[in-house]
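Novice: pasting a predicted model and its sequence here:
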Amino acid sequence: GAVVSQHPSRVICKSGTSVKIECRSLDFQATTMFWYRQFPKQSLMLMATSNEGSKATYEQGVEKDKFLINHASLTLSTLTVTSAHPEDSSFYICSVRRTGSMNTEAFFGQGTRLTVV
Amino acid sequence: EDQVTQSPEALRLQEGESSSLNCSYTVSGLRGLFWYRQDPGKGPEFLFTLYSAGEEKEKERLKATLTKKESFLHITAPKPEDSATYLCAVQARNSGYALNFGKGTSLLVTP
């Protein structure tokens, strides 16, 4: 069964509005979750690392005020795209790994296709 | 800077025609190399993890191998259901839990 649940799978929003994407770890508690972004025919690009109970760590070039991350519990992280614009349209994917072990596979959610019109 | 390069970008095979996908990497201390399968509009699905040169892993028609500079994903007698994008990712020793992905190889297997 699924290890990671991501919701919604698709969302269309108007330019200037905000969109929230949820990522739930179903099988284990995850103190760390990851948010990736994928453009067509491109690789997954890490946007940020979500840390339970503390601030997220953002990759270079990712605006933390635009992509708000909240990791309020050990099984839930949310990504909010604020004041969305058409260039934010992309495929957003979250990932979890079992903490305490560096050598484990990452499990991915089913992704969220965001279209900003 | 860590780099992951996959080739070819796209590959078309006939059913039963075996081939290999390549993942070349440059990383400051490899902790692990991962292979994933991604279907259109879906998140990546885990296939293999390789940790050291010389290691091999198999699963059904797929076999992954690792050297100090590259990894191969061998597909033996592929079927149309093997059509997908195959992603390679590396984890460096100084990168925490994050993975650095290649752009993938889009595989199409025709009947």
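Specialist: Yep, that arrived.
Novice: in chain A, which spans are strands?
Specialist: Assigned by DSSP state E, the strands in chain A fall at A:4-7, A:10-13, A:19-25, A:32-38, A:44-51, A:57-58, A:67-73, A:76-81, A:90-96, A:107-108, A:112-116.
Novice: for chain B, what lies in contact range of chain A?
Specialist: Contacts of chain B with chain A, taken as C-beta under 8 Å from any C-beta of the partner chain, map to B:4, B:31-32, B:34, B:36, B:41-46, B:49, B:51, B:87, B:89, B:91, B:96-104, B:106. To be clear about C-beta, it is placed using only N, CA and C from the backbone, and glycine gets the same treatment.
Novice: picking that back up, residue B:21 is nearest to which of the strands of chain A?
Specialist: strand A:44-51 (16.9 Å; C-beta to C-beta).
Novice: who touches the closest one?
Specialist: With contact meaning C-beta atoms under 8 Å, 6 or more residues apart in numbering or on different chains, strand A:44-51 is reached by A:31-39, A:56-59, A:62, A:64, A:67, A:69-71, A:77, A:79, A:92-93, B:44, B:87, B:89, B:96-101.
Novice: are any of the residues you listed buried, and which?
Specialist: Among the contacts of strand A:44-51, those buried by neighbour count (16 or more other C-beta atoms under 10 Å in any protein chain shown) are A:31-38, A:56-58, A:62, A:67, A:69, A:71, A:77, A:79, A:92-93, B:44, B:87, B:89, B:97-101.
Novice: any idea how far whatever residue of chain B ends up closest to chain A is from residue B:78?
Specialist: At 3.7 Å from chain A, residue B:43 is the closest residue in chain B, using C-beta to the nearest C-beta. In this view, residue B:43 and residue B:78 are 22 Å apart by C-beta to C-beta, to the nearest Å.
Novice: same question for residue B:93.
Specialist: 34 Å.
Novice: higher neighbour count, the two?
Specialist: Shown here are residue B:93 and residue B:78; by other C-beta atoms under 10 Å in any protein chain shown, residue B:78 has more neighbours (22 against 12).
Novice: okay, the more buried one: pLDDT?
Specialist: Residue B:78 carries a pLDDT score of 98 in this model.
Novice: could you do residue A:101 as well?
Specialist: 58.
Novice: where do the strands sit along chain B?
Specialist: Using DSSP E, strands in chain B cover B:3-7, B:10-14, B:19-26, B:30-38, B:45-50, B:56-59, B:62-66, B:70-75, B:84-92, B:100-101, B:105-110.
Novice: just give the number of residues close to residue B:21.
Specialist: When neighbours are counted by other C-beta under 10 Å, residue B:21 comes out with 21.
Novice: low-scoring stretches of chain A, by residue?
Specialist: A:1-2, A:99-104 (pLDDT under 70).
Novice: quick one: low-confidence parts of chain B?
Specialist: In chain B, no residues with pLDDT under 70.
Novice: so what's residue B:66 up against?
Specialist: Taking C-beta under 8 Å, 6+ apart as the test, what residue B:66 contacts is B:33, B:50-56.
Novice: which one (most neighbours) among those?
Specialist: Neighbour max across the contacts of residue B:66 (other C-beta under 10 Å) = residue B:33, 24 neighbours.
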